[in-house]
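Sequence first, predicted coordinates after that:
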Amino acid sequence: MNDVSAGVDKPHQNETKTLNFEFRGDGMEYFKIWIVNVLLTIVTLGIYSAWATVRNKRYFYSNLYLGEDNFRYLAEPLTILKGRIIAVIAFIIYMAASALFPVAAMIFLLILIISIPYFINQSLAFNNRMTSFKNIQFRFKSTYGEAFMVAYVWPVLGMLTIGILYPLFFVKANKYVVNNSAYGTTNFEFDATYKDYGIIFLTLIGIGAVASILIFALTNIGSQATAALIPIIMVLMYFGLIVYFIVATANLFYKSVSISGHNFDADLTIQGMAKVILINAFFTLITLGLYLPAAKVRMTKYVSSCLTMHVDGDLNNFVAAEKESVSALGEEIGQVFDFT
Amino acid sequence: MAIEGFYLDGNTSNRVNARLEVYQEAKELVLHLIDDNGHRQTMPVQFDKIKITSRLGNTPREISLLDDQLFITDDNNAVDQLIECFTGSKSHSFLHKLETNLPLISLYTALIIAFIIGFSLYGVPAISKSIAFNLPDSLIENQGSSIAILDKTMFEPTQLDITRRNEIRQFFMPYLDDHKDLKPRLEFRSGMRANALALPGGYIVFTDDFVNLAKSDEELLAVLFHELGHLKQRHITRRMIQASIVTLLVVFITGDVETFDLITGLPTLVLDLSYSRDFENEADDYALEQLQHYNIPLESFALIMQRLDDYYTKQAVDDQSSKDAAQADKKTLPDFLSTHPATKERIRLVEKFKKLHADDLP
């Protein structure tokens, strides 16, 4: 009898099913929330911006579903406000110091450079901590050394080797973010390799080279009519390369992430992404920016619709970690000094 | 009243169907957990120990219970009723009401657009002006590096004869002495078309082409006064401050929405150009005032402006006949896309100024 029941249970448990990501927000609905945020931020001379941030983020997290469960954004506006005030004061001191005492500004800059890895860690920790799915929070734990490598050493090595090690920087940076992140007590894993990113970069260089030859040929042998085509071809090439890069790196990223045997998958396409970007740019320009919130909804909807998770069994067995408090300072410093 | 939803215990990711029963008369809440096998578990809930998130669009409502337990429901209206029943107030959904009232939304949108336009056109220049004139002088003078940069990139040493340069310096001497407080430093350079520039650090640069363009030293003086006007009005500092305020404004408004640089960049550029034309007008006014003050014919200003305009028109025509058609289009650029006011306007300014000061004339 025992064998039979085990036999019935086991295949049921290891069945793989696919859960879809879905964004259930709506452009018009978000526009109204956003415009109220702008209004209150102006009326309160910026103080409301912390509340606005929380409301904006809550809208995007709460409307993002994996299967039938949604994400949540947990940060308190006051925590964000505190971080923001400290960051803005630091920024004003920096601006004033650099204008009045160039030496003080140099020292400040040095301190900032040294502390950036620490703030990046803090910022990721805060954002993960403030994200919850099925009432279990995400986490992030890393070391100063690892953040330092990703912030300075790997990108500089990439540049010094004229880009040969640049794919490695992408691998290291994503490993740093993903492998140090956890859902409850369970760590994520990232398994893309140098080769995976190398192929993307080589494709970029290849397309760029072919297009350059084409343009070169047109400028030299072409008539007046073909010469007029050159700027169009250049813009198309530039746009195409950017979209290709966004799509290829996003797909690779999600395909390479897993958590305790559950895998993610992504099938963004160049046509799909190009369409979203062009529609968004067009409407945002003709509405002088008022379309921005709806544009963000459209983009989030598109990207979410391309993401899936292959679940081995079910997602019911994750366990929450102990609570820790993280301040929003890292995140806010990062935003004010523009490095996160 | 009963609110359907589900329950998460906060320790595991296992979700359980749940129903929150609300006994309105007794002011009691009971949560029923119903697992897959239909087993029920009930737990009483105290209203003052729970935290309910504010209503936000159509997103599910989260009710945090003790010890990180969570009840989630899509039934937003029922949760609003529950809050009203226990607190007796409707103020909890104030934001949600603001966010769903379409006529009001249209009103705020119009107000915000009006505010942004008004603030950009009047607020930003006024604030920058008051900051710039309250900054210590040492700060204003401390920005002398840009002539060094231009020397390395655009400028070439002047080809003007030393005697000609000394002539001009000699002629300018008394007027520069009268502006000692601005610490002006006159420099000659080539490598650029006919132009005169006021640079940070009090440098006033005349290009060779420009000096050759003028038919009299009084015309050069008119332009010197214009550049001194830039220094006097602290235009360089003000422009920097204005750019920072505009950046802040953009960050405030777009806030948490990621933007393409193009979308925020274009209006910012148009705005910057409008500020630039305002400064040119201020500098023109100053030049005319000074000419008047020293009893120099105001025509010299109009003359040099006309010469500059002719010079650039000719250059554009030359360019067009060679290769760069885009340069010629510059002539037909609309006002709002130009750094300087139209020459006609500037010449008309002289007439206006004359009329205005007709009484002062001897």
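Arrived safely. What you see is a predicted model, and the numbers here were worked out from it, not measured in a lab.

Could you tell me which residues of the stretch 151-300 of chain A lie near chain B?
Within reach of chain B by CB under 8 Å from any CB of the partner chain, the stretch 151-300 of chain A has these residues: A:184, A:281, A:284-285, A:288-290, A:292-293, A:295-296. No exception for glycine: its C-beta is placed from N, CA and C like everyone else's.

Now for those residues: which two are most distant?
The largest separation in those, counting by CB to CB, is between A:Gly184 and A:Leu288 at 44.6 Å.

So for stretch B:30-37, mean pLDDT?
For stretch B:30-37, the mean per-residue pLDDT is 85.

how deep is A:Leu307 tucked in, by neighbour count?
By the measure other CB atoms under 10 Å in any protein chain shown, the count of residues near A:Leu307 is 21.

before we move on, what about the one 3 residues further on?
By the criterion of other CB under 10 Å, A:His310 has 14 neighbours.

still on that earlier bit, of the residues of the stretch 151-300 of chain A next to chain B, which qualify as buried by neighbour count?
A:184, A:284, A:289-290, A:292-293, A:295-296 (16 or more other CB atoms under 10 Å in any protein chain shown).

From the residues you listed, which land in strands?
Taking DSSP state E, every one of these sits outside strands.

from these, which single one is nearest B:His92?
A:Pro293 (24.3 Å).

For the stretch 51-200 of chain A, just list every one of the helices.
A:77-100, A:102-129, A:144-148, A:154-160, A:166-179, A:194-221 (DSSP state H, counting those that start in this stretch).

looking at those, which is buried most?
Across the helices of the stretch 51-200 of chain A, averaging neighbours per residue (mean count of other CB atoms under 10 Å in any protein chain shown) puts helix A:166-179 on top, at a mean of 19.

can you give me how far that one is from the chain middle?
13 Å (CA atoms, centre = their mean, to the nearest Å).

residues near B:Gly202, how many?
If you count neighbours by other CB under 10 Å, B:Gly202 ends up with 20.

Spatially nearest residue to it (excluding sequence neighbours)?
Sequence neighbours aside, B:Lys183 is the residue nearest to B:Gly202 in space, at 4.4 Å (criterion: CB to CB, 6 or more residues apart in numbering or on different chains).

try A:Tyr302
Excluding the flanking residues, the one nearest A:Tyr302 by CB to CB, 6+ apart is A:Val276, at 4.8 Å.

Any idea how many residues pack against the one you found?
Neighbour count of A:Val276, defined by other CB under 10 Å: 19.

pLDDT value on it, please?
At A:Val276, pLDDT is 94.

Using PDB, write down the CA coordinates of the helix or strand hosting A:Ile35.
For A:Ile35, the host element (DSSP states H and E) is helix A:27-43. Listed next in PDB are the C-alpha coordinates belonging to helix A:27-43 (Å, rounded to 0.1, in the frame of the first residue of the first chain):
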ATOM      1  CA  GLY A  27      -1.800  52.700 -19.100                       C
ATOM      2  CA  MET A  28      -4.700  55.100 -18.300                       C
ATOM      3  CA  GLU A  29      -5.100  53.900 -14.800                       C
ATOM      4  CA  TYR A  30      -1.400  54.500 -14.200                       C
ATOM      5  CA  PHE A  31      -1.400  57.900 -15.900                       C
ATOM      6  CA  LYS A  32      -4.000  59.000 -13.300                       C
ATOM      7  CA  ILE A  33      -1.900  57.800 -10.400                       C
ATOM      8  CA  TRP A  34       1.200  59.300 -11.900                       C
ATOM      9  CA  ILE A  35      -0.300  62.800 -12.500                       C
ATOM     10  CA  VAL A  36      -1.600  62.900  -8.900                       C
ATOM     11  CA  ASN A  37       1.900  62.100  -7.800                       C
ATOM     12  CA  VAL A  38       3.300  64.900  -9.900                       C
ATOM     13  CA  LEU A  39       0.700  67.300  -8.600                       C
ATOM     14  CA  LEU A  40       1.300  66.500  -4.900                       C
ATOM     15  CA  THR A  41       5.100  66.500  -5.400                       C
ATOM     16  CA  ILE A  42       4.900  70.000  -6.800                       C
ATOM     17  CA  VAL A  43       2.500  71.200  -4.200                       C
END
